[in-house]
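# Need coordinates for the below:
(2 chains)
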Amino acid sequence: NAGVTQTPKFQVLKTGQSMTLQCAQDMNHEYMSWYRQDPGMGLRLIHYSVGAGITDQGEVPNGYNVSRSTTEDFPLRLLSAAPSQTSVYFCASNPSTQINSPLHFGNGTRPTVT
Amino acid sequence: DAKTTQPNSMESNEEEPVHLPCNHSPISGTDSIHWYRPLPSQGPEYVIHGLTSNVNNRMASLAIAEDRKSSTLILHRAALRDAAVYYCILRDVSNTGKLIFGQGTTLQVKP
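The predicted model follows:
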């Protein structure tokens, strides 16, 4: 079982460039979300989706864009990368918002913005 | 958004039990209590979750106060590999179901 797959694992980009972080899950999960993890700040929710065609903002959405055209994929876009967006990004999924079950996390994507 | 309060850090000796507290007040009837810990070079690892009753699994136990305003993650015999940041999170399954992580507790395990 692949679970939640994130690509790429690492990326270096320059300030102002755009980048798409890919997230795919093969478990037919309705709920998907993106977090960033920074030292001393824990994990912060960027955007989430409760199903195909539905997205919403989390705690720190500025500078990021998402779309959910299919159940399987939930890409995160850095629109104009800034050094402050250097972080570890985790994608997570769950069967449904109505099901009290744990989140499944990917292994992370680590962009470095210079 | 529901938030949780945890101590910043705790220490334990190897092979001794560890009790990690979490306050989550206010809490609604549809909030479930989840615990996660990050793994090196991987995403956060699910530890345990519960709604009203105490829960046990192969990793840990979760003791939930009767008023549900606090809970305790119990590691029965701390191992060196259990040293990590432990996040206590509330999830509202009646609404968006989103998980908001707090600061977490950094657990140090001494040999």
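# what distance separates the start and the end of stretch A:89-101?
22 Å (CA to CA, to the nearest Å).
# Where does pLDDT dip in the chain?
No chain in the question, so chain A it is. A:1, A:97-99 (pLDDT under 70).
# Actually, chain B is the one I wanted.
Using pLDDT under 70, the flagged stretches of chain B are B:1-2, B:93-97.
# Which strand residues bridge residue 10?
Going with chain A. In this entry, A:Phe10 is beta-bridged to A:Arg110, by DSSP bridges.
# that's the wrong chain, I wanted chain B
B:Leu107.
# Which residues are in contact with it?
Going by CB atoms under 8 Å, 6 or more residues apart in numbering or on different chains, B:Met10 touches B:18, B:20, B:105-108. No exception for glycine: its C-beta is placed from N, CA and C like everyone else's.
# can you tell me the helix or strand for the residue most central in space within chain A?
Central residue of chain A (CA atoms, centre = their mean): A:Trp34, 3.0 Å from the mean position. Secondary structure assigned from DSSP states H and E places A:Trp34 in strand A:31-38.
# How many neighbouring residues does residue 16 have?
No chain in the question, so chain A it is. A count of nearby residues for A:Gly16, using other CB atoms under 10 Å in any protein chain shown, gives 10.
# my question was about chain B
Neighbour tally, B:Glu16, other CB under 10 Å: 12.
# now swap in the one 10 residues further on and tell me
Counted with other CB under 10 Å, the burial measure for B:Pro26 works out to 10 neighbours.
# Tell me the residues of chain B that contact chain A?
B:32, B:34, B:36, B:38, B:41-46, B:49, B:51, B:85, B:87, B:91, B:93, B:95-104 (CB under 8 Å from any CB of the partner chain).
# Please list only the buried members of the residues you listed.
Those of the residues of chain B next to chain A that meet the buried threshold are B:32, B:34, B:36, B:38, B:43-44, B:46, B:49, B:85, B:87, B:91, B:93, B:96-104, by 16 or more other CB atoms under 10 Å in any protein chain shown.
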